[in-house]
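Visitor: Structure for the following, please:
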Amino acid sequence: QLQPVESGGGLVQPGGSLTLSCTPSGFTFEHYAVGWFRQAPGKEREGVSCISNSDGSTIYADSVKGRFTISRDNAKSTVFLQMNSLKPEDTAVYFCAVSQSGYAQLVDFMFTYWGQGTQVTVSS
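Guide: This next block holds a predicted model:
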């Protein structure tokens, strides 16, 4: 089964940092754009960030600009989401997903394969 696998979630205090990782299972990220989405309890899923498969172009939701950084290590076929200055409103399940379109965007129906998610909780 083709599926991205997330890791790195956990509990962190406000103002703290976490790094999420996403690795592929059953395929490689080489030809895909890779994105991060999140869903908080009682809220709709929202796009957080995405990185393209070619030139490394990125896109971020306004709510995380300047705090989150997405990057990819093609040699290790891993995509990272570095999250700094975390706020309680960042609490959510974070999902990694891949898009065959290849370019950076946050339209969720453009993403084909989704991970199971990893919980991020920001609380004192």
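
Visitor: where do the helices sit along the chain?
Guide: In the chain, no helices are defined using DSSP state H.

Visitor: need the contact list for the closest residue to F37 other than its chain neighbours.
Guide: Among residues not flanking F37 along the chain, F95 sits closest, at 4.7 Å (Cβ to Cβ, 6 or more residues apart in numbering). Yep, even glycine has a C-beta here, placed from its N, CA and C like the rest. By Cβ atoms under 8 Å, 6 or more residues apart in numbering, the residues touching F95 are 6, 36-39, 45, 114-117.

Visitor: Kindly reformat these as JSON lines and extend each row with pLDDT.
Guide: Below are the contacts of F95 laid out as JSON lines (pLDDT from 0 to 100):
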{"residue": "E6", "pLDDT": "97"}
{"residue": "W36", "pLDDT": "98"}
{"residue": "F37", "pLDDT": "98"}
{"residue": "R38", "pLDDT": "98"}
{"residue": "Q39", "pLDDT": "98"}
{"residue": "R45", "pLDDT": "96"}
{"residue": "W114", "pLDDT": "96"}
{"residue": "G115", "pLDDT": "96"}
{"residue": "Q116", "pLDDT": "97"}
{"residue": "G117", "pLDDT": "97"}
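
Visitor: ok, of those, which one's closest to Q82?
Guide: When those are compared for distance to Q82 (Cβ to Cβ), W36 comes out closest, at 10.9 Å.

Visitor: which one is the most centrally placed residue in the chain nearest to, not counting chain neighbours?
Guide: Residue closest to the average C-alpha location in the chain (Cα atoms, centre = their mean): W36, at 2.3 Å. Closest residue to W36 apart from its sequence neighbours, by Cβ to Cβ, 6+ apart: V48 at 4.4 Å.
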